[in-house]
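Peer 1: no sequence for this one, just the structure:
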């Protein structure tokens, strides 16, 4: 079956940096000033601008993992402590627990959000309270651009005095009931890695409602160097402050965050509309309690319906010059954490077995997305599309008519992130 044309020398990547156009000015200023270290006006300005956006005191660090590491230390995690963590997430959510000498305990996800199951969390805390083994903290992850259902999570943890680190590395720009992602726990962590919705090519941010904690994190991130002339040290620190140069990139990127969110969501919904006539392939759930940025366009493939595995599609797309990937492999299935305790895991295993991420760069050209769509449609045995707008309108007509065939009221528009 002939599908849309594509240059065989051009590979379509999964998610790449999308520069705003102002970055060269900011980087040039850093080079001219010769401030290439982790001090300088760009770092301070980036932190203040991020604080205005998020609403919490912020400190710029070298990575999202560094923010989680220091955040857990602020929450008192140390040798021998147990920390609850979703099993369906990046290893970067759990590895810092071991950096500090603790052990993660993994919890399963909800099919409705792909994030931590609040009911399972409440049951696990009741079990641990009975055993007098409550965790030192909880890492709550906002996965692929969607916040976890934080209200019941906060309620369950408050009952036992368990502090929460909200890992929003994948969810900058998302909201939970109008609150920005990363602001709902005691500490929040963000990533500006090269494939994130905005990037500094490498970097992160730690936020907290407690300004003293943010000051402490800033102190630890520069080798715990006390002020003065004698390089005095009284406690261990880290070399993980964001550089002046990369902070300049971050400032320009932060200005276009809303645009990048809109672009990523549009890409996800074009995929959704283009596959709407097909059974057995569905977009990651869009929870009603907030704004999902769809940092990555994640779909579930129904193997029972099509009779083949998700990995087969990844291989077919790779041969066609398209980068795709599986969703996260549950951490309880990783050799590194094979001995870790866990609660449940079957939901995470099911999503991991069937989930796939399609190219999601905010700069993805329409013709490239159409090519990806038609490669998938061909593999599913469906006719190719020639016009994505027609697919959107066709899906809207089906949706507006409702299951009875009668016209029904349109859904309200999604919330937009708070400035």
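Peer 2: Nice, thanks for sending it over. Everything numeric here is computed off the predicted structure, so don't read it as measured data.
Peer 1: What segments of the stretch 1-150 of the chain are helices?
Peer 2: In the stretch 1-150 of the chain, the helices defined using DSSP state H, counting those that start in this stretch lie at 23-33, 41-54, 64-74, 95-99, 118-130, 150-160.
Peer 1: The fourth one: which residues count as buried?
Peer 2: Of the residues in helix 95-99, those scored as buried under the neighbour-count criterion (16 or more other CB atoms under 10 Å) are 95, 96, 97, 99. No exception for glycine: its C-beta is placed from N, CA and C like everyone else's.
Peer 1: residue contacts, the second one?
Peer 2: Applying CB atoms under 8 Å, 6 or more residues apart in numbering to residue 96 gives the contacts 65, 68, 69, 72.
Peer 1: nearest to residue 116, of these?
Peer 2: Nearest to residue 116, judged by CB to CB, of those is residue 68 at 15.3 Å.
Peer 1: Distance-wise, check that closest one relative to residue 163.
Peer 2: Look at residue 68 and residue 163: by CB to CB, to the nearest Å, they are 13 Å apart.
Peer 1: Settle it for me: which of these two has more neighbours?
Peer 2: Shown here are residue 68 and residue 163; by other CB atoms under 10 Å, residue 68 has more neighbours (30 against 19).
Peer 1: isn't that one right up against residue 182?
Peer 2: No - Residue 68 is beyond contact range of residue 182, at 11.5 Å (criterion: CB atoms under 8 Å).
Peer 1: Tell me how far the most centrally placed residue in the chain lies from residue 367.
Peer 2: A centroid search over the chain (CA atoms, centre = their mean) returns residue 170, at 1.5 Å, as the residue closest to the centre. Per CB to CB, residue 170 is found 27 Å from residue 367.
Peer 1: swap in residue 77?
Peer 2: Residue 77 is 48 Å from residue 367, by CB to CB.
Peer 1: Equivalent analysis for residue 331, please.
Peer 2: Using CB to CB, residue 331 is found at 38 Å from residue 367.
Peer 1: Pass me the low-pLDDT residue ranges in this protein, would you?
Peer 2: 1-9, 22-40, 227-231, 305-307, 393, 395-419 (pLDDT under 70).
Peer 1: longest single helix anywhere in it?
Peer 2: Determined from DSSP state H, the single longest helix within the chain is helix 257-274.
Peer 1: and the helix or strand following it, what other elements does it pack with?
Peer 2: Sequence order places strand 281-283 as the next helix or strand after helix 257-274, per DSSP states H and E. On a contact count with 3 or more CB pairs under 8 Å, 6 or more residues apart in numbering; DSSP states H and E, strand 281-283 meets helix 257-274, strand 297-301.
Peer 1: Which residues does strand 281-283 contact?
Peer 2: Under CB under 8 Å, 6+ apart, the answer for strand 281-283 is 268-269, 271-272, 275, 297-302, 376, 380.
Peer 1: how about these in CSV, adding neighbour count and distance to residue 118?
Peer 2: Formatted as CSV, these follow (neighbours: other CB atoms under 10 Å; distance: CB to CB, whole Å):
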residue, neighbour count, distance to residue 118
268, 25, 25
269, 16, 27
271, 24, 28
272, 20, 26
275, 22, 30
297, 28, 26
298, 27, 21
299, 23, 24
300, 21, 21
301, 22, 27
302, 13, 26
376, 25, 33
380, 17, 34
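Peer 1: Closest one to residue 82 out of these, please.
Peer 2: Of those, the one sitting nearest to residue 82 (CB to CB) turns out to be residue 298, at 29.6 Å.
Peer 1: Which residue ranges of the stretch 301-419 of the chain form strands?
Peer 2: For the stretch 301-419 of the chain, applying DSSP state E, counting those that start in this stretch gives strands covering 325-326, 342-343, 355-358.
Peer 1: Same check on the stretch 51-200 of the chain?
Peer 2: Counting by DSSP E, counting those that start in this stretch, the strands of the stretch 51-200 of the chain are 58-61, 82-86, 103-107, 137-141, 164-167, 175-176, 179-180, 187-191.
Peer 1: who touches residue 235 in this structure?
Peer 2: 220, 224.
Peer 1: Using the three-state scheme, assign it.
Peer 2: With DSSP: H, G, I helix; E, B strand; the rest coil as the basis, residue 235 sits in coil.
Peer 1: likewise the one 10 residues further on?
Peer 2: Assigned state for residue 245: helix (three-state reduction, three-state DSSP).
Peer 1: Look up how far residue 193 lies from it.
Peer 2: 16 Å.
Peer 1: Repeat that for residue 167.
Peer 2: 13 Å.
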